[in-house]
Each structure stands twice: as structure tokens, then as C-alpha cells.
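Trainee: Need the 3D shape of this:
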Amino acid sequence: MLKISVVTVCYNAAVSIEQTMLSVLGQSYPDIEYIVIDGGSTDGTVDIIKKYTDRLAYWVSEPDKGIYDAMNKGIAAATGSYINFMNSGDSFYDNRVVEAVVPYLSSDMKAVIYGNAAICNGEKYIIKKPIPIEKINQQGCLCHQAAFIGNLNLKYDLQYTLVADYALFAELYIERKWSFKYIDIPICIYELSGVSDNNVKVLDESYDIARKYGYNRSFLRVKTTKIAFQLKIALKSFLGEGAVKLIRRIKS
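Mentor: Have a look, this model is predicted:
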């Protein structure tokens with residue numbers, strides 16, 4: 001039986017951490033190593049984590065250098081054959097997800113198994129299928145909450161503060177030649193929040209990753225998207241939000 005490590009990173013997440021933890025702790029698969037990395041929360045998050053310490057393989061609360069530094073700490077503590085990152089605010093789709101995924105996992109661990117994500121937008125859930133891995137160079141990244149990654153020399157590159165997950169998947173697929181297998185089942189639920197896909201820094205980092213791995217189409221697309229986004233910001237500043245909405249309606 002393969003041991004699966006699930007890592008949750010969090011910071012001042014008292015409103016959401018317990019839901020995430022119960023989602024992991026309630027899984028039917030018997031061999032799950034659960035690791036929680038907290039960034040030194042001050043809002044009661046640690047008190048909630050302490051309620052479940054007897055069911056955790058490892059946890060720590062200390063300052064970090066950001067989400068990917070925290071995820072690297074989780075990797076360092078993980079001893080499972082595969083790792084899933086289910087961060088605070090996210091959850092498994094149901095309590096049998098890990099049990100359903102394990103039969104697809106390769107024993108050599110040079111693999112990433114990934115599935116669908118249920119995106120929560122208000123009160124609605126939309127099942128979103130991932131991009132085919134062959135198009136990672138054109139359309140962006142896989143959802144890391146919906147992926148199980150072989151635990152072999154993994155490390156997020158901290159020079160990327162917003163899209164280091166994209167960099168890691170690109171490294172595993174292009175440079176290290178790992179196998180990527182898609183399974184058509186919902187793995188996780190996550191809310192639409194956080195950094196916008198159109199954030200200029202996201203585009204800058206994505207451009208750098210695309211260039212590093214020779215994704216000519218991708219970094220051209222990223223560059224044009226960045227230009228369009230900057231023009232949108234300038235237009236909003238000059239004409240106001242109402243004019244931008246009017247232009248958008250006319251365009252549609």
C-alpha cells in the first residue's frame with residue numbers, strides 16, 4: 001500500500017483551516033500522512049490545528065518566506081510516495097478521493113496524476129477539467145490541489161513568488177521527462193480568490209518560465225496578454241470603470 005502525504009499550508013486561516021483539515025482527516029484511504037505548515041498565525045489558526053495534533057504526522061507554526069517556502073517545508077517533512085497540496089480554504093471533493101486515485105499511481109513515483117477541480121464561485125460549483133499537459137506551454141498550469149506528485153527530489157523555485165507551481169510542473173514534464181496521467185474524476189474544491197490570472201507579476205513570472213523551457217508560443221502569448229492588461233489598466237485610469245464596462249459590453 002502506497003503512503004500518501006497531504007500537505008496543508010496556511011497563515012491566519014482560522015475561518016477556513018478546520019474545513020480543510022477535516023476534509024483530509026476524513027478520507028477513507030488508510031495510509032495518509034498529514035502535514036500542516038503554518039506561517040506563524042496570530043488569529044487562532046494554531047489553536048484549531050492543535051485540536052487535531054494526535055492525527056497529524058507533523059506540524060509547525062513559524063514564519064516563512066511565502067507559500068512556496070512553506071510548501072517546501074512540507075516536502076521536506078513528507079515521507080509518502082506521492083504528495084498532494086491541499087492548502088487552507090481548499091478541500092477534497094469527497095471522502096473517497098484518495099482511495100479512488102491510488103490505483104492510478106505508479107510505483108516508480110516519476111509521475112504526476114491529476115484530475116478535475118470543482119471551482120466554487122459564490123454558491124455555485126463548476127467542474128473544471130485541466131488543460132492537457134501537452135498544452136502547458138500554451139495555456140498555463142495544472143491545478144496543484146488536483147494533482148498527486150511523486151515524492152522524488154521535489155522543490156519549488158522561490159524566485160517565483162506567484163507561479164512556482166507552474167515552474168515545477170514544467171520542470172517535471174519537459175526537463176525530467178516524468179509521465180503525466182489525467183483521470184476524469186473531481187479531486188478538489190477550491191474557491192476563486194487570491195491573485196488574478198491577469199496580475200502583471202504573474203504574467204512576468206510566467207513569461208520567464210516559458211522562456212526558460214523554450215515555450216516560444218507561450219511567452220509570446222504571455223507578453224501580448226501583459227500588454228493588453230496594462231492597456232486595460234491605463235484605460236480604466238483614464239476613462240473610469242464605467243467606460244471600461246461599456247466597451248466590454250459593446251465588444252461582446
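Trainee: drop to CA atoms for contacts and neighbour counts, all remaining ones
Mentor: OK.
Trainee: where in the stretch 101-250 of the chain is pLDDT low?
Mentor: Flagging of the stretch 101-250 of the chain using pLDDT under 70 yields the residue ranges 121-122, 136-140, 192-199, 215-250.
Trainee: show me the contacts for residue 190.
Mentor: Listed by Cα atoms under 8 Å, 6 or more residues apart in numbering, the contact set of residue 190 reads 89, 90, 91, 117, 118, 119, 120.
Trainee: Helices of the stretch 101-250 of the chain, residue ranges please.
Mentor: For the stretch 101-250 of the chain, the helices defined by DSSP state H, counting those that start in this stretch cover 136-139, 164-170, 200-212, 216-239, 241-251.
Trainee: Tell me which residues of stretch 109-127 come out buried.
Mentor: Using 16 or more other Cα atoms under 10 Å as the test for burial, stretch 109-127 gives 109-120, 127.
Trainee: So the closest residue to residue 79 other than its chain neighbours versus residue 208, what's the distance?
Mentor: Computed as Cα to Cα, 6 or more residues apart in numbering, the closest residue to residue 79 that is not its neighbour in sequence is residue 5, at 6.9 Å. As for residue 5, its distance to residue 208 is 30 Å (criterion: Cα to Cα, to the nearest Å).
Trainee: if you count what's nearby, which of those two comes out ahead?
Mentor: Under the neighbour definition other Cα atoms under 10 Å, residue 5 and residue 208 were set side by side, and residue 5 has more, 26 against 17.
Trainee: so the more buried one bridges to which residues?
Mentor: residue 33, residue 83 (DSSP bridges).
Trainee: Correct me if wrong: it contacts residue 36.
Mentor: No: using Cα atoms under 8 Å, residue 5 makes no contact with residue 36, being 10.6 Å away.
Trainee: now stretch 38-54, how far from the chain's geometric center?
Mentor: For stretch 38-54, the separation from the chain centroid amounts to 21 Å (computed by Cα atoms, centre = their mean, to the nearest Å).
Trainee: could you point out the longest strand in this structure?
Mentor: What stands out as the longest strand in the chain, according to DSSP state E, is strand 179-191.
Trainee: In its sheet, which strands sit next to that strand, and in what direction?
Mentor: Sheet pairing of strand 179-191 (DSSP bridges) gives strand 91-92 (antiparallel), strand 111-121 (parallel).
Trainee: Just give me the neighbour total for residue 162.
Mentor: Here the number of neighbours of residue 162 (other Cα under 10 Å) works out to 19.
Trainee: wait, I meant residue 157
Mentor: Residue 157 has 15 nearby residues by other Cα under 10 Å.
Trainee: The residue positioned nearest the centre of the chain: what's its closest spatial neighbour, skipping adjacent residues?
Mentor: The residue lying closest to the centre of the chain (Cα atoms, centre = their mean) is residue 144, at 3.4 Å. Excluding the flanking residues, the one nearest residue 144 by Cα to Cα, 6+ apart is residue 85, at 6.5 Å.
Trainee: Hmm, the one you found is touching residue 6, no?
Mentor: Yes: counting by Cα under 8 Å, residue 85 does reach residue 6; the two are 5.8 Å apart.
Trainee: which of these two has more neighbours?
Mentor: residue 6 (26 against 23).
Trainee: Model confidence for that one, exactly?
Mentor: As predicted, residue 6 sits at a pLDDT of 98.
Trainee: again with residue 24
Mentor: You'll see residue 24 listed with a pLDDT of 98.
Trainee: I'd like to check the angle between the helix or strand containing it and strand 179-191, please.
Mentor: Secondary structure assigned from DSSP states H and E places residue 24 in helix 17-25. Inter-element angle recorded for helix 17-25 and strand 179-191: 140 degrees (by axes from the mean of the first three to the mean of the last three Cα atoms, to 10 degrees).
Trainee: from what I can see the residue nearest to the centre of the chain touches residue 83, true?
Mentor: No: using Cα under 8 Å, residue 144 is not in contact with residue 83, being 10.1 Å away.
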